[in-house]
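S.K.: could you look at this predicted model? Sequence included:
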Amino acid sequence: MSTDASSGTAAGGNALPRTPAHTRLWMAYAAVSLAFIAAYLATASNGLAQAIIFTGSNLAAVVAILVGIRMNRPTCPSAWYLLAAGQAAYLVGNVLWYVTAAAQGRPTMFPSPAVEVFLASYLLNALALLRLVRARRAGRDWSALLDALIVTVAITSAYFVLIVAPLLTTTRLSPYAQFLAGVYPFLDMIFFLLATRLFFGAGNSWRALAPLAAWAAALFLADVVYGLQQVQGIGRDGDLPFFGYLASFLFVGVAALHPAMRDVATCREQPEVAGRVRLIALGLCGLAVPALVVDSVRDGRRIEPIVLSVASAIMFLLVMLRVGDLLTKILAAGRREHERLQQFLEAIPVGVDVRDAGTGHPVYVNQVAGRILGYDPGRVDVPGELPHLYHGGTDQPFPAERLPGTLARQGHVVTADDIEVERDAQRRQLQVVATPIRDGDQVRYVLTAFADITSEREMAEELRQLSVIDELTGVNNRRGFLLAARNELALAERASRPGVLLFIDLDGLKKINDSYGHGAGDHALESTSRLLRANIRRRDVLGRIGGDEFCVLLTEASRLSDVDLWAGRLREHVARHNDTSRQPYRLALTVGATIFDHDTPHTVEELIARADAAMYQAREQDDGQAPEGSVRMLGPTPGTRSP
């Protein structure tokens, strides 16, 4: 989280704009606090002056916190007010303990006459830290608290065993003073615990917490050193711990005046899995207490083993809780990833069926698969028993041994688009892809993905029809005729089968359009296509290849007599149409024919050209006069072989 003074306002939008004066104020306070420290050092020979300077620095910290709250408008002001109250209680305690003693010309006493006030200040400081922790905490994540407890128990145990306990056996303090000497470390432990908890959860906002971290560290270390000096009986006013307290006043004031203070509670903690460095540090802390137990027993001590046994039990419990918390987070992260993957698989419009490669039992099937098939394939343990699967375009069930999922179990990636499923009494076309999922060289699972491509196939067929079918007459257009005719020619050549290609021209179409309108001309073309369609067999190919030109490929005609029979039937159909039609015009067709066989090289275009030439010869024989009948025809063009 940024601590830049120019980065705008804090969350909530109630902060004052950050001006250069606001930014420089914390620097000015730091300079004043350093001046207090320098003055305290300079007046080492004057106890009263030092006491006044000390309490003045404490008072400046209280004022700085209140000004910081008013100026920076933090998102959690109650924590800062508690902190100000703690510093105010500390100020009262210092006046009763330090200034009074200096005014009377005597050194400070331990325990202090104002011990209750000092204890209240610790309580208020701890509540302030607890309030910040709760303000930043998101959800029921106990990881940072457990980490803080582990570190606190380890450090407190080491502090007690290595420093406090040996000194208590030789101290001249009264029992009450010894009790207070134990209470202060306990309060320091709680204070340290909350501070550690706050900073373990800092995340990316650790820069905003740095002044508070420095304040907590300075106060904790000053208390530790002061307590040791009193137990040893060597402490004097103005010693090193007093400079530690002065440093704490500096840092707590800077923490309140710095613009980053408004961001301390803004950044919410995010549950996270501890990193490797933190886990190693926690492991070392967990080993600290058992090591201290071993050291105490080896030296023959009596008090420390009892205390450390309790600490060991607490540490063991904390470590187990932390391990359980870590495992819970790992499992929760795994479940979240599983749910996220499942959401992805459910969102795609493709059926997904994952099965065990060895048993064929379903491992995961998404809901889309059930919608596509019309039943839940997850309830079918054997993939070969999936019902209602057929060969495309047939009533034959699709063989189980040829299913893509079955073949993929052998290690192959298989694609199939000739499978149909019967759903709601309708056939739906499927596109299926099955792939093996390997663990090393062994196929562990088989993933089958399939989609309903019925609509796509129908659309493709419609597009194909649009590209090869004449919109007016409904027969093949030129492109469609050429494609179909080439295919039939190839089949005829392989079977050594001859055939006939006819070129038919609708006579007088321009005159019909000019005399009766283009609607009548379109009707004439439609009538012609119906008559031609009625005069051909199923495998014959019919197409409109031009404005008034049609072609017919007779695949089952091979002799002139077949062509004459076809022309005779066409004449009858055209004549019957002319007799019954109410149109003001009469249909007349001119036909040219060419015969082909497997020994004569030819292409569709060559055959059309020859039949077209024959059609023009048939028309020229009448010298442009009207034909005797409704259909005039010229047989095979010159030079064409007739079988």
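M.R.: Thanks, I have the structure now. Because the structure is predicted, anything quoted here is derived from the model rather than measured.
S.K.: contacts and neighbour counts: CA atoms only from here.
M.R.: OK.
S.K.: check which element follows the host helix or strand of M320 along the chain.
M.R.: Using DSSP states H and E, M320 sits within helix 303-347. Using DSSP H and E, the helix or strand that directly follows helix 303-347 along the chain is strand 351-356.
S.K.: listing partners with orientation, what would you give for that following strand?
M.R.: Paired strands of strand 351-356, with direction, are strand 362-365 (antiparallel), strand 442-452 (antiparallel) (DSSP bridges).
S.K.: export the shortest one as CSV, just CAs?
M.R.: What follows is the C-alpha trace of strand 362-365 in CSV, where atoms were taken according to Å, rounded to 0.1, in the frame of the first residue of the first chain:
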residue,chain,number,x,y,z
PRO,A,362,-16.9,-42.2,-14.7
VAL,A,363,-14.7,-39.8,-12.8
TYR,A,364,-16.3,-36.5,-13.8
VAL,A,365,-19.2,-35.7,-16.2
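S.K.: chain center to it, what's the gap?
M.R.: 22 Å (CA atoms, centre = their mean, to the nearest Å).
S.K.: the chain: strands as residue ranges?
M.R.: All strands of the chain, identified by DSSP state E, fall at 351-356, 362-365, 389-391, 414-423, 426-439, 442-452, 499-506, 541-544, 549-554, 589-596, 631-636.
S.K.: and R70, which of the ones you listed is closest to it?
M.R.: Nearest to R70, of all those, is strand 362-365, at 59.3 Å by CA to CA.
S.K.: show the contacting residues for the closest residue in space to Q50 that isn't next to it in sequence.
M.R.: Ranked by CA to CA, 6 or more residues apart in numbering and with sequence neighbours excluded, the top spatial neighbour of Q50 is Y40, at 5.3 Å. When contacts are counted by CA atoms under 8 Å, 6 or more residues apart in numbering, Y40 touches 49-50, 53-54.
S.K.: of those residues - the most surrounded one?
M.R.: F54 (26 neighbours; other CA atoms under 10 Å).
S.K.: model confidence for the residue nearest to Q50, exactly?
M.R.: On the pLDDT scale, Y40 is placed at 93.
S.K.: how close does it sit to V32?
M.R.: To V32, Y40 is 12 Å away according to CA to CA, to the nearest Å.
S.K.: G358 too?
M.R.: Distance of G358 to V32, computed by CA to CA: 78 Å.
S.K.: who has more neighbours, the two?
M.R.: Each of G358 and V32 has its neighbours counted (other CA under 10 Å); V32 has more, 15 against 11.
S.K.: against D418, how distant is the more buried one?
M.R.: V32 is 87 Å from D418, by CA to CA.
S.K.: what's the burial count for the spatially closest residue to L127 that is not a sequence neighbour?
M.R.: Spatial nearest neighbour of L127, excluding adjacent residues (CA to CA, 6+ apart): L82 at 6.9 Å. Using other CA under 10 Å, L82 has 20 other residues around it.
S.K.: my read is that L82 contacts N125, right?
M.R.: Yes - using CA atoms under 8 Å, L82 is in contact with N125, at 6.7 Å.
S.K.: ok, now which ones touch I536?
M.R.: So I536 contacts L554 (CA under 8 Å, 6+ apart).
S.K.: now stretch 360-367, how far from the chain's geometric center?
M.R.: The answer for stretch 360-367 is 23 Å, by CA atoms, centre = their mean.
S.K.: tell me how many other residues surround the residue lying closest to L124 once chain neighbours are set aside.
M.R.: Nearest residue to L124 in three dimensions, chain neighbours excluded: G86, at 4.8 Å (CA to CA, 6+ apart). Neighbours of G86 under the rule other CA under 10 Å: 25.
S.K.: how near is the residue nearest to Q50 to G56?
M.R.: Y40 is 11 Å from G56, by CA to CA.
S.K.: what does E572 give?
M.R.: 127 Å.
S.K.: repeat for N513
M.R.: 114 Å.
S.K.: repeat that for L560.
M.R.: 129 Å.
S.K.: again, but for W215
M.R.: Where G56 is concerned, W215 sits at a distance of 17 Å (CA to CA).
S.K.: between those two, who's got more neighbours?
M.R.: Using other CA under 10 Å, the more surrounded residue of W215 and G56 is W215, with 23 against 15.
S.K.: so who does the more buried one touch?
M.R.: W215 neighbours (CA under 8 Å, 6+ apart): 247-252.
S.K.: I'd like to know which of the residues you listed are part of helices.
M.R.: 247-252 (DSSP state H).
S.K.: between those, identify the one with the most neighbours.
M.R.: Busiest of the ones in helices among the contacts of W215 [other CA under 10 Å] is L250, holding 29 neighbours.
S.K.: over to I536: give its phi and psi.
M.R.: With angles defined as degrees, to the nearest 10, I536 sits at phi -120, psi 160.
S.K.: correct me, but V252 touches A213?
M.R.: No - look at V252 against A213 with CA under 8 Å: they stay out of range, at 9.2 Å.
S.K.: sounds good, over and out.
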